[in-house]
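In: Sequence plus the predicted model coming up.
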Amino acid sequence: MTSWTRTHQNPEIKALIMAQQSTLDYLISVIEPPGEHRIPHNYFEKTLEQAKSAADTLVQIHYQHNCLDSGCGQWQPKDQEI
Ligand SMILES: [Zn+2]
């Protein structure tokens, strides 16, 4: 499975996208700090660029911050075994 992550605001908040091989779309999720469950649902988008934009927006809705001021990371691809 191929996935992408981007750190937002602090190292415990990461936007996450996972390519879905079965449906050829992208699952959007957010890794939240321990004990936080502000973002209840996962979402799908059809393209990677749409997924990145939607994931960043999802983080902003629930953990509002300025990415420039907070020194957020860039989207990074990574391969992982699941
Ligand atoms: Zn950010």
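Out: The structure has been received and is ready for your questions. Numbers count the residues shown, from 1 in each chain.
In: Which residue lies nearest the spatial centre of this protein?
Out: Centroid-nearest residue in the chain: residue 15, 2.0 Å away (criterion: C-alpha atoms, centre = their mean).
In: which ones are touching the nearest residue to it once chain neighbours are set aside?
Out: Spatial nearest neighbour of residue 15, excluding adjacent residues (C-beta to C-beta, 6 or more residues apart in numbering): residue 55 at 3.9 Å. Any C-beta I mention is one placed from the backbone N, CA and C, and that applies to glycine too. By C-beta atoms under 8 Å, 6 or more residues apart in numbering, the contact list for residue 55 reads 6, 15-17, 28-30.
In: tell me the average confidence for stretch 23-32?
Out: In this model, stretch 23-32 has a mean pLDDT of 94.
In: anything in it near the ion?
Out: No. Using C-beta under 5 Å from the ion, stretch 23-32 never reaches the ion; the gap is at least 11.4 Å.
In: Check stretch 42-62 too.
Out: No. If you take C-beta under 5 Å from the ion as the test, stretch 42-62 misses the ion, and the best it gets is 6.4 Å.
In: how distant is that stretch from the center of its chain?
Out: Mean-position distance between stretch 42-62 and its chain equals 7 Å (C-alpha atoms, centre = their mean, to the nearest Å).
In: mind listing what's buried in that stretch?
Out: 45, 48, 51-52, 54-56, 58-59 (16 or more other C-beta atoms under 10 Å).
In: where do the strands sit along this structure?
Out: Using DSSP state E, the strands of the chain run over 2-8, 10-19, 26-31, 43-45, 76-79.
In: Which other helices and strands does the shortest one contact?
Out: What that stands for is strand 43-45. strand 26-31, helix 48-62 (3 or more C-beta pairs under 8 Å, 6 or more residues apart in numbering; DSSP states H and E).
In: related to what we said a few turns ago, among the buried residues of stretch 42-62, which two are most distant?
Out: By the measure C-beta to C-beta, 48 and 59 form the most distant pair in these, at 16.6 Å.
In: hang on, the earlier thing: restricted to buried residues, select the contacts of residue 55 in ChimeraX.
Out: To isolate the buried ones among those in ChimeraX, judged by 16+ other C-beta under 10 Å, type:
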select :6,15,16,17,28,29,30
